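A.B. asks: Provide a 3D model corresponding to the input given below.
(one chain, ligands or ions: 3)
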Amino acid sequence: MKRTPHLLAIQSHVVFGHAGNSAAVFPMQRVGVNVWPLNTVQFSNHTQYGQWAGEVLAPQQIPALVEGIAAIGELGNCDAVLSGYLGSADQGRAILTGVARIKAMNPKALYLCDPVMGHPEKGCIVPQEVSDFLLDEAAAMADFLCPNQLELDSFAGRKPQSLFDCLAMAKALLARGPKAVLVKHLDYPGKLPDGFEMLLVTADGSWHLRRPLLAFPRQPVGVGDLTSGLFLARVLLGDSLVAAFEFTAAAVHEVLLETQACASYELELVRAQDRIAHPRVRFEATPIGL
Ligand SMILES: Nc1ncnc2c1ncn2[C@@H]1O[C@H](COP(=O)(O)OP(=O)(O)O)[C@@H](O)[C@H]1O
Ligand SMILES: Cc1ncc(COP(=O)(O)O)c(C=O)c1O
Ligand SMILES: [Mg+2]
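C.D. replies: Ligands and ions are numbered 1, 2, ... in the order given. From the prediction side, this is the model:
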C-alpha cells in the first residue's frame, strides 16, 4: 500500500472563516495528505474584513515546534513544507531554517513558498518587512513558488504588457532557484474579461490554463491558499506538475461554484468537499512558449 504523504503547513489560522491554513488544511486532508498545521498567526478572521483580533506566533516558536517533532523521531517523515501568510520577517527566517533542517533529514522533501504579500489594491495586510523577506530570501530556497500577478509584479519590479510578458517574468523567477513557478492569477493588458487564467512554468516547459471567471459581490479570500495547498498535495500524491496544475484548477473552481451558489463570502469548503476530491469539471493546460 502506498504511504500517505506528510506535509508541514506553516501559514495563518483564522478562527472564523477561511484563509491560510484555515483554507488549505481540510482540502489537503480531503485529497489524501497528512497535514501538520503550524499557525504563524491566530486571528479572529482574515484581514480583508479590515479589523481582527489575535496574535502573531513568536518566531522562536517555529524552531521549537520543529525540534519537538524531531525529538519524537518524526521530522524525517516530512515530505514537504508549505509556507504562506507570515506575521513577521523573523518568522520567515525561522521557516527557512526549518526547511533546511528537514531537507537535511529527507533530501527529497519539497518546499513550496506562497509569497503572500500585502497590496493596497487587494486589502490583504502584510508587514512590509515580510514582502522584502519574500523577495530577497525565500524565493531562493523554494522548490515551488506560487505568486499571484501582484506578487509576480513585485518580484519583477514592473507590470506585464502581455501574456508573453507574464511568461517572461515567471521564467525569470526560475533563475532564482525554484523548479517551478505557478502564477495563480494572471492579469495583463488584453486579457479576455470572462476568463480566470493561470501559468505553470518549469525548466521543461510552460503551460497556460483558463477557467471561467465567476461573478461575486465581494471577492472570496483564501483562494490562493487553497490553490497552493492543493497543488502541493497532488504533487506529493504522485501527480506530474501539469496534472497537479489541472487538478488544482478544477477543484478550486468547484469550491468557487459552491460558494457562488450559496451566496457566501467565505469559501464553502465543507459543502464542496466531494467536489474537491473528485472535480466534475476539467480544464486543460495548454503548452505555451516564447
Ligand atoms: N474563477 C474565478 N472567478 C472569479 N474570481 C475568482 C476565480 N478564481 C479566483 N478568483 C478570485 O480571484 C482572486 C485571486 O486572488 P489573487 O489575488 O490573484 O491571489 P490570492 O488569492 O493568492 O491573493 C481572488 O480574489 C479570488 O477570490
Ligand atoms: C490571515 C490571512 N491569511 C492569508 C490570506 C491570503 O489569502 P489569499 O489566499 O486570498 O491570498 C489573507 C488575505 O487577506 C489573510 O488575511
Ligand atoms: Mg494569496
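A.B. asks: in the stretch 151-290 of the chain, which spans are strands?
C.D. replies: Taking DSSP state E, counting those that start in this stretch as the criterion, the stretch 151-290 of the chain carries its strands at 180-183, 195-202, 205-212, 286-287.
A.B. asks: just those: most buried one?
C.D. replies: strand 180-183 (a mean of 25; mean count of other CB atoms under 10 Å). All C-beta atoms are positioned from the backbone trio N, CA, C, and that covers glycine.
A.B. asks: list the contacts of residue 92.
C.D. replies: When contacts are counted by CB atoms under 8 Å, 6 or more residues apart in numbering, residue 92 touches 83, 86, 130, 133, 134, 137, 138.
A.B. asks: distance check, the most centrally placed residue in the chain against residue 289.
C.D. replies: Centroid-nearest residue in the chain: residue 228, 2.8 Å away (criterion: CA atoms, centre = their mean). From residue 228 across to residue 289, the span is 25 Å (CB to CB, to the nearest Å).
A.B. asks: over to residue 38?
C.D. replies: 39 Å.
A.B. asks: returning to what we had before: who wins for neighbours among the contacts of residue 92?
C.D. replies: residue 86 (32 neighbours; other CB atoms under 10 Å).
A.B. asks: and it, what element?
C.D. replies: Using DSSP states H and E, residue 86 is not contained in any helix or strand.
A.B. asks: stretch 147-167 close to ligand 1?
C.D. replies: Yes. Contact of stretch 147-167 with ligand 1 (CB under 6 Å from any ligand atom) involves 148, 149.
A.B. asks: quick one: is that stretch near ligand 3?
C.D. replies: No. Judged by CB under 5 Å from the ion, stretch 147-167 stays clear of ligand 3, getting no closer than 5.5 Å.
A.B. asks: which of residue 38 and residue 289 has more neighbours?
C.D. replies: Higher neighbour count among residue 38 and residue 289: residue 38, with 22 against 7, using other CB under 10 Å.
A.B. asks: point out where the stretch 101-250 of the chain drops to low pLDDT.
C.D. replies: 120, 123 (pLDDT under 70).
A.B. asks: what is the neighbour count of the one residue in it that gets nearest to ligand 2?
C.D. replies: Nearest to ligand 2 in the stretch 101-250 of the chain, going by CB to the nearest ligand atom, is residue 224, at a distance of 3.1 Å. Using other CB under 10 Å, residue 224 has 25 other residues around it.
A.B. asks: I'd like the strands of the stretch 151-290 of the chain as CSV, with distance to ligand 2 appended.
C.D. replies: CSV is the format used below for those (distance: least, CB to the nearest ligand atom, whole Å):
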stretch, distance to ligand 2
strand 180-183, 13
strand 195-202, 13
strand 205-212, 17
strand 286-287, 25
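A.B. asks: looking at these, which is closest to ligand 1?
C.D. replies: Comparing these by CB to the nearest ligand atom, strand 195-202 comes nearest, at 3.9 Å.
A.B. asks: give me the sheet partners of the closest one and which way each runs.
C.D. replies: Using DSSP bridges, strand 195-202 pairs in its sheet with strand 180-183 (antiparallel), strand 205-212 (antiparallel).
A.B. asks: is that strand positioned near ligand 1?
C.D. replies: Yes. Using CB under 6 Å from any ligand atom as the criterion, contacts between strand 195-202 and ligand 1 involve residue 196.
A.B. asks: residues contacting that strand, please?
C.D. replies: 163, 166-167, 170-171, 173-174, 179-186, 191, 206-214, 241-242, 245, 249, 285, 288.
A.B. asks: what of stretch 46-58?
C.D. replies: 12, 14-15, 17-20, 39-45, 87-88, 91, 122-125, 221-222.
A.B. asks: what distance separates it from the centre of its chain?
C.D. replies: Chain-centre distance of stretch 46-58: 19 Å, with CA atoms, centre = their mean, to the nearest Å.
A.B. asks: then stretch 165-184?
C.D. replies: 15 Å.
A.B. asks: swap in stretch 30-49?
C.D. replies: 12 Å.
A.B. asks: average pLDDT for that stretch, rounded please.
C.D. replies: For stretch 30-49, mean pLDDT rounds to 96.
A.B. asks: span of it from start to end?
C.D. replies: Length of stretch 30-49, first residue to last, CA to CA, to the nearest Å: 28 Å.
A.B. asks: which residue ranges of the protein form helices?
C.D. replies: For the chain, the helices defined by DSSP state H cover 21-30, 61-71, 89-105, 128-133, 139-141, 149-156, 163-174, 223-236, 241-261, 273-277.
A.B. asks: name the helices or strands packed onto the second one?
C.D. replies: For helix 61-71, the packing partners by 3 or more CB pairs under 8 Å, 6 or more residues apart in numbering; DSSP states H and E come out as strand 34-43, helix 89-105.
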